[in-house]
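> here's a sequence, model it:
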Amino acid sequence: MKLIVAALLAGSAAAFAPAQVAKTSTSLNAFEDELGAQPPLGFFDPLGMLTDADQERFDRLRYVEVKHGRICQLAFLGQIVTRNGIHLPGPIDMA
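Just a heads-up that it's a prediction; the model follows:
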């Protein structure tokens, strides 16, 4: 009985061991160490926007992506606040 319990515990502990991930080679090895590159995909560029890009273009695209994300967050927050019944004073009509 003890042997069965020990075998079950060892088997369940093996389920939480980290899996061995093989290194994949891509044409974007220059950006494999950037923030956001995660296993098993590594650096994910499905549209191929950075196939012949340098570090400056990569930094520019990352900056623009963060900027657009922040604008979307503000728009969502404005939508929630307006639907909650909070409105800015004054007329909206510009005519």
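> just the helices in the chain please.
2-14, 55-83 (DSSP state H).
> quick one, which of those is nearest to residue 91?
Among those, the nearest to residue 91 by CB to CB is helix 55-83 (15.4 Å). For the C-beta atoms, the positions are set from N, CA and C on the backbone; glycine is no exception.
> return the most buried member of the helices of the chain.
With neighbours defined as mean count of other CB atoms under 10 Å, the helices of the chain peak in mean count at helix 55-83, which reaches a mean of 11.
> how much space between residue 73 and residue 40?
Going from residue 73 to residue 40 by CB to CB, to the nearest Å gives 29 Å.
> swap in residue 48?
20 Å.
> could you check how far the closest residue in space to residue 34 that isn't next to it in sequence is from residue 79?
Nearest non-adjacent residue to residue 34, counting by CB to CB, 6 or more residues apart in numbering: residue 43, 6.6 Å away. Residue 43 sits 33 Å away from residue 79, going by CB to CB.
> where does pLDDT dip in the protein?
13-15, 17-28 (pLDDT under 70).
> residue 49 is in contact with residue 61, isn't it?
Yes: taking contacts as CB atoms under 8 Å, residue 49 lies within contact range of residue 61: 6.8 Å.
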